[in-house]
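Student: Attaching a predicted model along with its sequence, questions to come.
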Amino acid sequence: MKKKALITGITGQDGCYLAKLLLSHGYQVIGLLDQSRQSSLWGLDYVGILSDIQILPVKLDSYLEIQRLLLEVKPDEVYALAAQSSVSMSFKMPVNTMAANTNPVMNWLEAIRSLNPHIKFYQASSSEMYGVVDPPCVTENTLFNPISPYAVSKVAAHHLVRAYRNAYGIYAVSGILFNHESVLRKAGFFTRKLMDGVLALADGSIKSISFGNLDVSRDFGYSPDYVIPMWKMLQQDQPEDHLICTGESILLSDIVQHVFQCMSVPLESMHIDPSLYRPAEINDICGSPDYAATHLGWRSSYNGYDAMERILEERVAMKAMGKILPL
């Protein structure tokens with residue numbers, strides 16, 4: 001009998017690639033679209049699985065709807081990927097960010113506890129939870145030090161998962177994912193802006209592009225690769241949280257220079273705009289991949305430069321075929 005998986009945030013980059021992975025393992029996949037947010041099914045169609053999954057509308061902030069879903073669908077696994085995931089936007093909309101990123105997690109955990117504690121639950125945590133740390137390479141034992149409303153909301157959700165796991169013995173885990181990118185990144189994110197910009201510079205449709213602070217370093221991975229440990233985390237004998245990362249931090253300025261060089265675009269076309277800086281910023285962070293390698297049997301197959309090259313190659317191919325990413 002096929003396993004059933006529910007995925008919130010299925011139209012995001014991780015949701016699309018995770019759904020494809022689960023289908024390859026024989027799952028029945030049900031994607032949930034939050035009725036309070038606009039979503040595009042473009043990504044699911046792009047990865048070739050739109051006709052293979054079921055889509056259901058839901059209000060993730062409604063505990064009664066979450067209960068109804070669990071009773072009707074009877075899933076084996078729930079992957080909670082939906083979130084207000086923009087750090088910059090969280091400074092502008094802190095109240096909405098807290099509600100969007102914590103209330104649904106509480107609803108899922110409480111509904112699973114009360115209706116079927118055998119359901120396995122995955123929560124998407126974030127490296128932003130660590131904030132400013134010294135040394136910048138964190139491990140599973142590094143304390144959280146959030147410096148943005150987004151990071152605070154993710155810490156709250158992360159602790160909810162731990163609390164329910166410890167108090168009730170349910171199989172609930174958090175994957176602490178560091179920056180990971182793909183061609184499906186939505187508008188507003190650094191990688192999407194970089195790829196859109198360099199292609200437009202290369203064909204002459206724009207003359208310059210502006211970025212915020214590029215003197216910061218991040219641990220970049222590749223989204224299709226990172227959904228593998230998400231799934232693996234729910235296949236273990238015991239529930240554990242894991243860092244999902246490459247172990248290497250790269251300056252954003254070096255990433256920009258690398259992508260510009262790949263497209264033979266002069267760096268003089270790029271400008272720094274201080275108005276795009278965040279109110280608070282993490283200067284450098286990366287994660288240790290060793291625990292996940294030992295306990296999940298997974299290690300990243302791509303470093304940051306590899307990921308950017310894969311994305312750029314895909315974007316160039318898409319442009320040649322006339323495919324346009326939605327906003």
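Tutor: All right, it came through fine. Numbering: from 1, shown residues only.
Student: average model confidence for stretch 22-31?
Tutor: In this model, stretch 22-31 has a mean pLDDT of 98.
Student: just how off-centre is that stretch within its chain?
Tutor: When distances are taken as Cα atoms, centre = their mean, to the nearest Å, stretch 22-31 is centred 19 Å away from the chain's centroid.
Student: From start to finish, how long is it in a straight line?
Tutor: In stretch 22-31, first residue to last residue: 12 Å (Cα to Cα, to the nearest Å).
Student: Could I get the buried residue list for it?
Tutor: 22-23, 27-31 (16 or more other Cβ atoms under 10 Å). From N, CA and C alone the C-beta is placed, and that goes for glycine too.
Student: can you give me the helices in the protein?
Tutor: Using DSSP state H, the helices of the chain run over residues 13-24, 42-46, 63-73, 87-92, 94-115, 149-168, 190-202, 223-233, 252-262, 290-295, 304-320.
Student: how does this protein divide into domains?
Tutor: Following automatic domain parsing, one finds the domains of the chain at 4-180+222-244, 185-219+248-284+303-320.
Student: between those domains, which gets nearest to residue 296?
Tutor: domain 4-180+222-244 (4.7 Å; Cβ to Cβ).
Student: Now find how far off-centre the closest one is within its chain.
Tutor: With Cα atoms, centre = their mean as the basis, domain 4-180+222-244 stands 9 Å off its chain's centre.
Student: for stretch 283-294, same thing?
Tutor: With Cα atoms, centre = their mean, you get 16 Å for stretch 283-294.
Student: how long is it from one end to the other?
Tutor: Across stretch 283-294, first to last residue, Cα to Cα, it's 29 Å.
Student: quick one: average confidence on it?
Tutor: Here the average pLDDT along stretch 283-294 is 96.
Student: what's that stretch in contact with?
Tutor: 127, 130, 132-133, 136-140, 176, 178, 215-219, 229, 242-249, 298-300 (Cβ atoms under 8 Å, 6 or more residues apart in numbering).
Student: how about 6 Å then?
Tutor: Contact partners of stretch 283-294, identified using Cβ atoms under 6 Å, 6 or more residues apart in numbering, comprise 136-140, 178, 216-217, 219, 229, 242-243, 245, 247-249, 298-299.
Student: And stretch 257-274, by the same measure?
Tutor: For stretch 257-274, using Cβ under 6 Å, 6+ apart, the contacting residues are 194, 198, 201-202, 208-210, 305, 308, 312.
Student: ditto for stretch 131-146
Tutor: 129-130, 147, 152, 155, 282, 284-288, 291.
Student: Kindly format the C-alpha coordinates of stretch 70-89 as CSV.
Tutor: Below are the C-alpha coordinates for stretch 70-89, written out as CSV (Å, rounded to 0.1, in the frame of the first residue of the first chain):
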residue,chain,number,x,y,z
LEU,A,70,-5.7,14.5,9.0
LEU,A,71,-9.0,12.6,9.4
GLU,A,72,-9.9,12.7,5.7
VAL,A,73,-6.5,12.1,4.1
LYS,A,74,-4.9,9.9,6.8
PRO,A,75,-1.3,10.7,5.9
ASP,A,76,1.8,8.8,7.0
GLU,A,77,4.0,11.8,6.8
VAL,A,78,3.5,15.6,6.9
TYR,A,79,6.1,18.0,5.5
ALA,A,80,5.5,21.5,6.8
LEU,A,81,7.4,23.7,4.3
ALA,A,82,5.0,26.7,4.0
ALA,A,83,6.3,29.9,5.6
GLN,A,84,6.9,33.6,5.2
SER,A,85,10.5,32.9,4.2
SER,A,86,11.9,36.4,3.4
VAL,A,87,14.2,37.7,6.0
SER,A,88,13.9,41.2,4.6
MET,A,89,10.1,41.1,4.5
